[in-house]
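**Student:** next come a sequence and a model predicted from it.
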Amino acid sequence: MDNQLDTNDKIKAAAMEEFLKNGFQMASLRNIVKIAGVTTGAFYGYYKSKEELFESLVDEQYNHIMKMYIDTQNEFKQLDTDTMQSSMGKVSGDCMEDMLDYMYDNVNEFRLILMCSKGTKYENMIHEMSDIEVQATHDFVNAMQADGKAIKSVDPMLEHMLVSGMFSAFFELLIHKDDIKEAKLYLHQLRSFYTAGWREIFEIEL
């Protein structure tokens, strides 16, 4: 551990190492303070619990990416239906590009969230985003139908499966691909696949 780091930095660096190796549930505070080279008393001077320590590592990144996604959905809702119809695939796809850039800028934090957060409030991020996407899809269909446009409603179970699958595939990029350029190539293919799929299901030109 770098001697130039202050005590809190040492704790957080050790925690990142321990959580990435063992996950939140199996991570040991004893190992964290040992790796950090600090006392248990020093740890509790900064954090009340293992949960609070994990939160200190990922909360900013979690909130930022959720805000990115929610803001995009809210901005899309403000568009007129003609623009919604023509830009749906592009708006959501561009948002995923921005999210991917942010995740790779904070790769360890998001690998903690995606792979090591079971037992914390962050473990359901994919489910939370899926719920937002499902509601946004309902709002889109309702807006189009209210404006007299021909669009087919989607069976709720099918919709949930498709949306969950989309986000699972998206976040798999960060888990398995260290090279962001390679990840973006996969993302472009995912965008094409899902845009074509939604076009078919909605029976509408997107």
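**Tutor:** Looks like it came in fine.
**Student:** shaky segments in this protein?
**Tutor:** Where the chain drops to pLDDT under 70, the residues are 1-5, 205-206.
**Student:** pull the longest helix from this protein.
**Tutor:** The longest helix of the chain (DSSP state H) is helix 50-77.
**Student:** by contact count, what packs against that one?
**Tutor:** helix 7-26, helix 81-105, helix 107-115, helix 125-146 (3 or more Cβ pairs under 8 Å, 6 or more residues apart in numbering; DSSP states H and E). The C-beta positions use only the backbone N, C-alpha and C, and glycine is treated the same way.
**Student:** is it possible to get a markdown table of these that adds mean neighbour count and distance to residue 64?
**Tutor:** Converted to a markdown table, these look like this (neighbours: other Cβ atoms under 10 Å; distance: least, Cβ to Cβ, whole Å):
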| stretch | mean neighbour count | distance to residue 64 |
| --- | --- | --- |
| helix 7-26 | 18 | 18 |
| helix 81-105 | 16 | 7 |
| helix 107-115 | 19 | 10 |
| helix 125-146 | 16 | 12 |
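**Student:** these: which one's closest to residue 173?
**Tutor:** Ranking the helices and strands packed on helix 50-77 by proximity to residue 173 (Cβ to Cβ) places helix 81-105 first, at 6.8 Å.
**Student:** got the angle for that closest one vs helix 125-146?
**Tutor:** Interaxial angle, helix 81-105 versus helix 125-146 (axes from the mean of the first three to the mean of the last three Cα atoms, to 10 degrees): 170 degrees.
**Student:** from the chain's centre, how far out does helix 81-105 sit?
**Tutor:** 14 Å (Cα atoms, centre = their mean, to the nearest Å).
**Student:** between that helix and helix 107-115, how big is the angle?
**Tutor:** 110 degrees.
**Student:** any idea how far residue 49 is from residue 15?
**Tutor:** Separation of residue 49 from residue 15 (Cβ to Cβ, to the nearest Å): 12 Å.
**Student:** equivalent analysis for residue 121, please.
**Tutor:** Using Cβ to Cβ, residue 121 is found at 17 Å from residue 15.
**Student:** which ones are touching the closest residue to residue 147 other than its chain neighbours?
**Tutor:** Spatial nearest neighbour of residue 147, excluding adjacent residues (Cβ to Cβ, 6 or more residues apart in numbering): residue 81 at 4.3 Å. Residue 81 is in contact with 143, 144, 147, 149, counting by Cβ atoms under 8 Å, 6 or more residues apart in numbering.
**Student:** quick check: the third one vs residue 79, distance?
**Tutor:** So the one you mean is residue 147. 12 Å.
**Student:** with neighbour numbers in mind, choose between the two.
**Tutor:** Higher neighbour count among residue 147 and residue 79: residue 79, with 16 against 13, using other Cβ atoms under 10 Å.
**Student:** contact partners for that one?
**Tutor:** Shown in contact with residue 79 (Cβ under 8 Å, 6+ apart): residue 87.
**Student:** phi first, then psi, for it.
**Tutor:** Residue 79 adopts backbone torsions of phi -80, psi 150, taken as degrees, to the nearest 10.
**Student:** quick check: the residue nearest to residue 122 when sequence neighbours are not counted vs residue 182, distance?
**Tutor:** Excluding its sequence neighbours, the residue lying closest to residue 122 (Cβ to Cβ, 6+ apart) is residue 113, at 4.9 Å. When distance is defined by Cβ to Cβ, residue 113 is 21 Å away from residue 182.
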